[in-house]
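Visitor: prediction below, plus the sequence it came from.
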Amino acid sequence: MKFQVIGKNIKLTDAIKGHLDNKINKIFPNADESTGVRISLCVEKHRHIADVTIKTNGVTLHACDETEDLYTSMDRVLKKIEKHLKKHKARAQDLKIKSGFEIKKMSAD
C-alpha cells in the first residue's frame, strides 16, 4: 500500500503517522501495492482539517472532515471512508447478485 501523509501548517510527528497507519491498516487489512492512500492534514486558525483520498481497483474514495481537535478530525474522516467502503462493497455485491446467470435451454429428446 502506498501511504502518503501531507501536512500544511502542522508538524507531522511519529505519533500522528502511527495513529493514521494503525487506523488505515484496520480499514484495509489486505491492501495490495496498487492501493494508494493520501492523507492531507491542515491547520487554519482553530480548525483542524483532515482530507483522505484512497484509490484502489479503479475506485476512488474521498472524505473530508473539520473539527477543533486534530485526532478527532482524523478519526471522523476515517470513519467516513470506512462507511464509503462498506457502501461500495454492498453495491458491488448487489450488482453481482442482480446480474444472475444464464439459464441453459433444456431439450426434450
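Guide: Received, thanks. Numbers count the residues shown, from 1 in each chain.
Visitor: spatially central residue in this structure, please.
Guide: residue 81 (4.1 Å; Cα atoms, centre = their mean).
Visitor: if you count neighbours, what's buried in the strand or helix carrying that one?
Guide: Assigned by DSSP states H and E, residue 81 falls within helix 70-99. Across helix 70-99, burial judged by 16 or more other Cβ atoms under 10 Å covers 70, 73-78, 80-82, 84-85. Any C-beta I mention is one placed from the backbone N, CA and C, and that applies to glycine too.
Visitor: and these as a markdown table, adding pLDDT?
Guide: Below are the buried residues of helix 70-99 laid out as a markdown table (pLDDT from 0 to 100):
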| residue | pLDDT |
| --- | --- |
| 70 | 93 |
| 73 | 95 |
| 74 | 94 |
| 75 | 94 |
| 76 | 95 |
| 77 | 96 |
| 78 | 93 |
| 80 | 94 |
| 81 | 92 |
| 82 | 91 |
| 84 | 91 |
| 85 | 87 |
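Visitor: return the distance of the helix holding residue 81 from the chain's centre.
Guide: 7 Å (Cα atoms, centre = their mean, to the nearest Å).
Visitor: other SSEs contacting the helix or strand of the chain with the lowest mean pLDDT?
Guide: Lowest on mean pLDDT, DSSP states H and E among the helices and strands of the chain sits helix 70-99, with a mean of 87. Counting contacts by 3 or more Cβ pairs under 8 Å, 6 or more residues apart in numbering; DSSP states H and E, helix 70-99 packs against helix 14-27, strand 36-44, strand 47-56, strand 59-67.
Visitor: select, out of those, the one closest to residue 4.
Guide: For residue 4, the closest of the helices and strands packed on helix 70-99 is strand 36-44, at 4.9 Å, according to Cβ to Cβ.
Visitor: in its sheet, what does that closest one sit against?
Guide: Sheet pairing of strand 36-44 (DSSP bridges) gives strand 2-8 (parallel), strand 47-56 (antiparallel).
Visitor: ok, residues contacting it?
Guide: 1-10, 12, 16, 20, 24, 28, 48-56, 70, 73-74 (Cβ atoms under 8 Å, 6 or more residues apart in numbering).
Visitor: go on, stretch 81-99?
Guide: 27, 52, 54, 59, 61-63.
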